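>>> fold the stuff below for me.
(one chain, ligands or ions: 2)
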Amino acid sequence: MTQYSSSILSLPLPPSLESSFKSTKKKNQRQMELLSNQPMYQTVPEKYIFPPEKRMVKDIILHSVNLPVIDLRGGRVDAEGWCEIIGEIMKAGKEFGFFQVINHGIPEKTISDMLQVCDEFFKMPAEEKAQYYSNDLSKPFLLNSSTTYDKSETRYWRDYLRLVCYPIEEVIDAWPEKPENFRAVLSEYTLQVRELSSKLLKLIAEGLGLDKDYFGGDFSTGKTQMNINHYPPCPDPSLTMGLLPHCDRHLITLLAQGTVSGLQARYMEGWINVEPIPNAFVINFGHQLEIITNGMLKSVEHRAVTNSAIARTSIATLIMPKTDCLIAPAKELLNENNPPKYKEFMFTEFLKAYDAASASREDVLEFFKLN
Ligand code: OGA
Ligand code: NI
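Ligands and ions are numbered 1, 2, ... in the order given. Predicted structure coming up:
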């Protein structure tokens, strides 16, 4: 759809159509409230200032706690080594719901090219980006700012791309042709990250005592979504937030956050800074994995804070079940000491409940709990 309109723009158009395209473009540009289109702000505009209870300053930051870093050793591991890795994943998963992986097998260049091409996208002129700006969540590629799911007044200090990246051949035509290598870089990154997600899901399944391919079918082959978050420098990070606390609703998230910190994960009564490690991926579990494991692996709240010095770009890849996939606690994990905590539902029902819950979406798991 997007490709159609962009390619048509480069053809000579009849004057009537030409002016209508120009005015749509202009209208989009006028409505487009992107932080990345602004010169650097000197102060935080009123509409980005959160009420005091939503700011981070009141919170405890647990500086002495770090997320576990799991070394996948480039896959060159014997059976004993795999057992150790699985043990580390389960321990981190149960305690934090979050961990980082290094030596995961994805080439550095794939990650750095992806971060770079995303930065280049946000740096493009406003008129080039305008064609992608949209509030229509059914689009496979869209550019926006703040968020569409929080209906409250305050805007988040965040621009983002929200795109579907898998199956690639079904969506590639909706991806931008500029920056020039965007499609090629995104395709490669998608393939690599999906492969890493499959490896991790196998290790998690083994750690749970399930068949290693337990998550391989409909649980993980829905449309993979990417959130490419861009947080420009913020003159006063104490007043606003890049992303408010939320849990991810899918199966599992793989996040590349470059070298700039900003991600914080909930831990006990406070928050942990997830320190960037070059080329690492931050892994966290989504609501579906919490439900399938009957609460053994938790979907943990996290948020993004801003900083005043440097722009931050992060790429979250969200592995999703197929929409008609039935989700329920795995029977193999249940027994009389561990009765099911959740009812069975179709993934699409979950997404509907999540959207309807709007600001209180952290309570969404409640809808699916058995008494
Ligand atoms: C997300 C997310 C964190 C970050 O996109 O869901 O949690 O560090 N991003 O940008
Ligand atoms: Ni998230």
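>>> please identify the buried residues of stretch 181-198?
Across stretch 181-198, burial judged by 16 or more other Cβ atoms under 10 Å covers 182-183, 185-190, 192-194, 196-198. Every residue, glycine included, has its C-beta placed from N, CA and C.
>>> same check on stretch 114-133?
Met114, Leu115, Val117, Cys118, Asp119, Phe121, Phe122, Lys129, Ala130, Gln131, Tyr132, Tyr133.
>>> gap between the two ends of it?
Stretch 114-133 has an end-to-end distance of 21 Å (Cα to Cα, to the nearest Å).
>>> I'd like the average pLDDT over that stretch.
Averaged over stretch 114-133, pLDDT sits at 95.
>>> so how far is that stretch off the chain centroid?
18 Å (Cα atoms, centre = their mean, to the nearest Å).
>>> interface residues of this protein facing ligand 1?
Within reach of ligand 1 by Cβ under 6 Å from any ligand atom, the chain has these residues: Asn227, Asn229, Leu243, Asp248, Leu255, Gln257, Gly262, Leu263, His302, Ala304, Ser314, Ala316.
>>> the same query, at a cut-off of 5 Å, please.
Asn227, Asn229, Leu263, Ala304, Ser314, Ala316 (Cβ under 5 Å from any ligand atom).
>>> and the two most separated of those residues?
Asn227 and Leu263 (12.3 Å; Cβ to Cβ).
>>> so for those two, which residue has more residues nearby?
Leu263 (27 against 19; other Cβ atoms under 10 Å).
>>> the nearest residue in space to the more buried one that is not next to it in sequence: neighbour count?
Leaving aside its chain neighbours, Leu263 sits nearest to Val274 (4.2 Å; criterion: Cβ to Cβ, 6 or more residues apart in numbering). Val274 sits with 24 neighbouring residues when counted by other Cβ under 10 Å.
>>> would you check that Val274 makes contact with Phe98?
Yes: Val274 lies in contact with Phe98 (Cβ atoms under 8 Å); the separation is 7.1 Å.
>>> residue contacts, Phe122?
If you count contacts by Cβ atoms under 8 Å, 6 or more residues apart in numbering, Phe122 has them with Leu34, Ser36, Lys129, Asp159, His230, Thr313.
>>> the second one and ligand 1: what is the separation?
Relative to ligand 1, Ser36 is positioned 15 Å away (Cβ to the nearest ligand atom, to the nearest Å).
>>> now the fourth one
Applying Cβ to the nearest ligand atom, one obtains 12 Å for the distance of Asp159 from ligand 1.
>>> work out for me the element Leu255 sits within.
Applying DSSP states H and E as the criterion places Leu255 in strand 252-256.
>>> that strand: how far from the chain's middle?
6 Å.
>>> rewinding a little: and which of the buried residues of stretch 181-198 is nearest to ligand 1?
Val193 (13.8 Å; Cβ to the nearest ligand atom).
>>> top of the contacts of Phe122 by neighbour count?
Neighbour-wise, the contacts of Phe122 (other Cβ under 10 Å) top out at Asp159, 26 neighbours.
>>> quick check: bridge partners of that residue?
Beta-bridge pairing of Asp159 under DSSP bridges involves Ser145, His230.
>>> and it, what pLDDT?
So Asp159 comes in at 96 (pLDDT).
>>> residues contacting the most centrally placed residue in the chain?
Nearest to the mean C-alpha position of the chain, counting by Cα atoms, centre = their mean, stands Ala316 at 3.2 Å. For Ala316, the contact set (Cβ under 8 Å, 6+ apart) comprises Met226, Asn227, Ile228, Asn229, Asp248, Thr253, Leu254, Leu255.
>>> in three-state terms, label it for me.
State at Ala316, reduced to three classes by DSSP: H, G, I helix; E, B strand; the rest coil: strand.
>>> is it in a bridge, and if so with what?
With DSSP bridges as the rule, Ala316 is bridged to Asn227, Leu255.
>>> just the strands in the stretch 1-150 of the chain please.
69-71, 98-102, 141-145 (DSSP state E, counting those that start in this stretch).
>>> same for the last one, what does it pack against?
Helices and strands touching strand 141-145, by 3 or more Cβ pairs under 8 Å, 6 or more residues apart in numbering; DSSP states H and E, are strand 159-166.
>>> keeping just the C-alphas, turn the strand it packs on into CSV.
What follows is strand 159-166, C-alpha atoms only, in CSV (Å, rounded to 0.1, in the frame of the first residue of the first chain):
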residue,chain,number,x,y,z
ASP,A,159,9.3,8.6,18.5
TYR,A,160,8.8,5.1,17.1
LEU,A,161,8.4,2.9,14.1
ARG,A,162,6.0,0.0,14.6
LEU,A,163,6.3,-2.6,11.9
VAL,A,164,5.6,-6.1,11.1
CYS,A,165,8.7,-7.9,10.0
TYR,A,166,7.6,-11.5,9.5
